[in-house]
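K.L.:
below are the sequence and a predicted model for it; my questions follow.
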Amino acid sequence: MSELPGTSETGDYRYEKSLGDNAFLQFVQQPRILLILLAAWEIVGFLTEFFTSNALFLENHAPGELALDGALAGRALGWEAIPLAVLYIYCARNPGRYPRIFWLAMIEQAAATAANLYHWLITHDFSFESVFIPMAVAAGLGVLSFLNVFQPREQEPRPA
């Protein structure tokens with residue numbers, strides 16, 4: 001079986017351009033590793049929604065129980081991270097087959113950053129300490145996804 005240009009035996013992309021001498025960036029830029037990092041971050045998001053009474057994830061500074069109330073409050077903790085984690089893990093099996101998954105990841109991380117900025121700066125729902133880590137991780141994963149989307153790759157030969 002012949003190998004397509006620009007892919008390895010496992011279907012991963014081979015990059016023509018080096019990301020410099022930084023071994024860490026070269027490691028996390030690999031499509032399979034990036035998809036696993038995205039899935040892990042989604043699992044952390046799910047755990048945050050699942051363990052709302054744990055101070056590591058969500059603190060209540062006022063006396064009494066934490067309450068998210070309102071007609072659509074149930075939507076706030078809907079565990080939407082689970083399907084994304086499953087999708088990222090599924091695509092990590094053969095990232096060369098699903099290169100467009102990084103568009104979804106890039107859009108998702110941009111939306112997560114925007115949501116955190118909105119809740120911190122506009123509505124004041126969260127303090128800076130509550131949004132710093134989520135925004136930093138989302139920005140980092142978004143940049144890695146961006147680099148993956150726009151990384152030059154060899155084109156497949158078109159059938160005659």
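P.N.:
Great, that's in hand. Numbers count the residues shown, from 1 in each chain.

K.L.:
does the nearest residue to residue 120 once chain neighbours are set aside count as helix, strand or coil?
P.N.:
Distances taken as Cβ to Cβ, 6 or more residues apart in numbering put residue 131 closest to residue 120, at 4.5 Å, once the chain neighbours are dropped. Backbone N, C-alpha and C define where each C-beta goes, glycine included. Per DSSP: H, G, I helix; E, B strand; the rest coil, the secondary structure class of residue 131 is helix.

K.L.:
who are the contact partners of residue 131?
P.N.:
116, 117, 119, 120 (Cβ atoms under 8 Å, 6 or more residues apart in numbering).

K.L.:
wait, the third one sits on residue 126?
P.N.:
To tie it back to what came earlier, the one meant is residue 119. Yes. Counting by Cβ atoms under 8 Å, residue 119 touches residue 126, with 4.8 Å between them.

K.L.:
the two - which one has more neighbours?
P.N.:
Shown here are residue 119 and residue 126; by other Cβ atoms under 10 Å, residue 126 has more neighbours (18 against 15).

K.L.:
need the three-state assignment for the more buried one.
P.N.:
Taking three-state DSSP, the label given to residue 126 is coil.

K.L.:
that one and residue 31, how far apart?
P.N.:
32 Å (Cβ to Cβ, to the nearest Å).

K.L.:
and if you look at residue 86?
P.N.:
As judged by Cβ to Cβ, residue 86 and residue 31 stand 17 Å apart.

K.L.:
next one: residue 94
P.N.:
Distance of residue 94 to residue 31, given as Cβ to Cβ: 9 Å.

K.L.:
neighbour-wise, which of those two wins?
P.N.:
residue 31 (23 against 14).

K.L.:
what is the neighbour count of the closest residue to that one other than its chain neighbours?
P.N.:
Excluding the flanking residues, the one nearest residue 31 by Cβ to Cβ, 6+ apart is residue 95, at 3.4 Å. Neighbour count of residue 95, defined by other Cβ under 10 Å: 24.
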